[in-house]
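Asks: Kindly return the folded structure for what I paste below:
(chains A and B)
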2 protein chains.
Amino acid sequence: MLTIKEYSALAAKAIDNLNLSSRKPEKLYQPIAYTLEGGGKRLRPVMLLMAAEAFGGDPEEAADPAAGIEIFHNFTLLHDDVMDSSDTRHGLPTVHKKWDANTAILSGDAMLTLATELISRVEPQMLPEILQTFNQMAMRLYDGQRLDMDFESRNDVTPAEYREMIECKTGALMGAATRIGALIGGSSQEDARKMEEFGMHLGVAFQIQDDWLDVYGDPATFGKPIGGDILNDKKTFLLLTAIERAGSLRNALNSAFSLPPTEEKIKSVRGLYSLLGVSEIAARTVSEESKAAIDALEATSMSEEGRDAFRKLAESLVGRDK
Amino acid sequence: MLTIKEYSALAAKAIDNLNLSSRKPEKLYQPIAYTLEGGGKRLRPVMLLMAAEAFGGDPEEAADPAAGIEIFHNFTLLHDDVMDSSDTRHGLPTVHKKWDANTAILSGDAMLTLATELISRVEPQMLPEILQTFNQMAMRLYDGQRLDMDFESRNDVTPAEYREMIECKTGALMGAATRIGALIGGSSQEDARKMEEFGMHLGVAFQIQDDWLDVYGDPATFGKPIGGDILNDKKTFLLLTAIERAGSLRNALNSAFSLPPTEEKIKSVRGLYSLLGVSEIAARTVSEESKAAIDALEATSMSEEGRDAFRKLAESLVGRDK
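Replies: Numbers count the residues shown, from 1 in each chain, chains lettered A, B, ... in the order given. Got it, this is the predicted structure:
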């Protein structure tokens, strides 16, 4: 089987083949090329390609759909950045900052259609199920984004609701990547569904771990400033768990979050999280979701080599050594 | 064959069947339901259904794809309204006014996926070509919208460039509707392409006629205030033709467009248009495009009954009696 680097390069090549930076009208396609050059781990296409090969497919034949998954992912980031008024992504100005909001809206729309077109480059007999998987995933993702927006104005969001939201917003896309990959590779429907479960649980674990790393991570490897979610009062799994368990510490928690956005605020919140055992609960939830992912993986009929590649991928994403 | 009213009702029923107004999250689906209730002529689904039946298909079986075309059309209007900051559509507040811009962006994204899903509800052996037709049309439409945005900041747009833009923005969608309808109805590839040409030329004629009606239409039937494009300095086919032919009247034309947005401005511009023969050129162009549409229609192997239905539809849209 290919390495993660090779899968990533394969998806990158399929994107390059689109020649986006030379297509016209320039102001439609250059923002798309810019967004896709921005980097990121290309994790979702890697998962798709790995699943395709693990079930006996030729990864080259899955390269266009893998590019489609990556373009879809970046479409959601592009529109999310407009909705959140985010100024930077991967250290570069966002499209609506570098160009304008209208450009970001329209180029994002084009990315969604382009992604659909690339996902559809599969054997005709596979097309109906793969397209349906993709469209259903996209609808779940909009559900998740809407829930995320609705949560902002609510004070009673539970950790369970948060889990549902990230299952839609992060889990569904990883699940679709592994399911579509499996189908392209020639898996049974049953194995494809198991692989969707694998991707979905891994996505949830990945997101909760990201919430955890924001508070407890190593600044050298996290990639974002530690404590950013706390400074922005973001309703993460950790905060919602803390609220649920706060009891008599509720006022202290409110006070900590009312502090001005400085290092002091991060320290206060971290202290309360420790008292409430929030770190352990988050770590346990990541473990549970990772285990559910691995259980689904082991239940497939995948080759031992493929299984091992996915175990290692999961370990690298949400393993203990983080 | 069914009547236009019956085709329209069939598409409306397929949309009703989606139960959009009761789906959750509410703030994702209610704006979609609101947009689709807003009225409009349902012209594109009518064209799709008529083409399906004209080639021997059962219009009931084309109802979901027809709904998909209508939802796609309304998605483009929804995002266009955000980009243009339009406050009303069909006399009702736009989604970004009634809710907010983020809601309009996200619900629009969901409409695009929903449209793709509905378009895909066809016999599996037809799916690859129908989906490709739909995706290519969508890409052309974004091209057109981008050109339209780029034209705003340019002073040298020619009528030929304008025609290209509306072929992308209006023609391609009508062309896709008639092509997809023909394919669902069981037409040959050749006939489907002819029907695409028919819809495309009809769309271009329709848009140029809309530009003409803005200046010369009957206020009782036009549906929008006469002269709106002039008051907004909109680069229509008429204005661009006037600029191209202005010669020594160029300064007079500039002066007329510098007037404050009152009835006086409309009168001055209309006077210059008369001197420059703009009305006749626009009317002739509408005729030429209509003739090209009918020529394409006549070149198909469609039944006489179907042909007649399309001739009448074209007449009602861009006929002399307008």
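Asks: Quick one: the helices in the stretch 1-150 of chain A, in order.
Replies: A:4-16, A:26-37, A:43-54, A:63-84, A:95-98, A:101-119, A:127-152 (DSSP state H, counting those that start in this stretch).
Asks: Let's have these in a markdown table, adding mean neighbour count and mean pLDDT.
Replies: No exception for glycine: its C-beta is placed from N, CA and C like everyone else's. Formatted as a markdown table, these follow (neighbours: other Cβ atoms under 10 Å in any protein chain shown; pLDDT from 0 to 100):
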| stretch | mean neighbour count | mean pLDDT |
| --- | --- | --- |
| helix A:4-16 | 19 | 96 |
| helix A:26-37 | 21 | 97 |
| helix A:43-54 | 28 | 98 |
| helix A:63-84 | 24 | 97 |
| helix A:95-98 | 20 | 96 |
| helix A:101-119 | 23 | 98 |
| helix A:127-152 | 20 | 98 |
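Asks: Contacts only, for the residue in the stretch 201-322 of chain A that chain B sits nearest to.
Replies: Of all residues in the stretch 201-322 of chain A, residue A:235 sits closest to chain B, at 16.0 Å by Cβ to the nearest Cβ. When contacts are counted by Cβ atoms under 8 Å, 6 or more residues apart in numbering or on different chains, residue A:235 is found next to A:151, A:152, A:157, A:162.
Asks: OK, contacts around the first one?
Replies: Contact criterion Cβ under 8 Å, 6+ apart gives A:157, A:161, A:162, A:165, A:235 as the residues in contact with residue A:151.
Asks: Relative to residue A:179, how far out is it?
Replies: Using Cβ to Cβ, to the nearest Å, residue A:151 is found at 27 Å from residue A:179.
Asks: circling back: just flag the most distant two among the contacts of residue A:235.
Replies: Based on Cβ to Cβ, the longest span within those runs between A:152 and A:162 and measures 12.4 Å.
Asks: what residues go with each domain of chain A?
Replies: Annotated domains of chain A cover A:1-121, A:137-322 [automatic domain parsing].
Asks: For chain A, list the residues in contact with chain B, please.
Replies: A:24-25, A:27-28, A:79, A:82-83, A:102, A:105-106, A:108-110, A:112-114, A:116-117, A:120, A:124-125, A:127-128, A:131-132, A:135, A:138-139, A:142-143, A:145-147, A:149-150 (Cβ under 8 Å from any Cβ of the partner chain).
Asks: quick one on the thing from earlier: now the phi/psi pair for the residue of the stretch 201-322 of chain A closest to chain B, please.
Replies: phi -80, psi 80 (degrees, to the nearest 10).
Asks: Over to residue A:153?
Replies: Per degrees, to the nearest 10, the backbone of residue A:153 is at phi -100, psi 10.
Asks: Check the contacts of residue A:151 for burial and list the buried ones.
Replies: A:157, A:162, A:165, A:235 (16 or more other Cβ atoms under 10 Å in any protein chain shown).
Asks: element containing the first one, please.
Replies: For residue A:157, there is no enclosing helix or strand under DSSP states H and E.
Asks: what's the closest non-adjacent residue to it?
Replies: Excluding the flanking residues, the one nearest residue A:157 by Cβ to Cβ, 6 or more residues apart in numbering or on different chains is residue A:151, at 4.8 Å.
Asks: Against residue A:166, how distant is that neighbour?
Replies: Computed as Cβ to Cβ, the residue A:151 to residue A:166 distance reads 11 Å.
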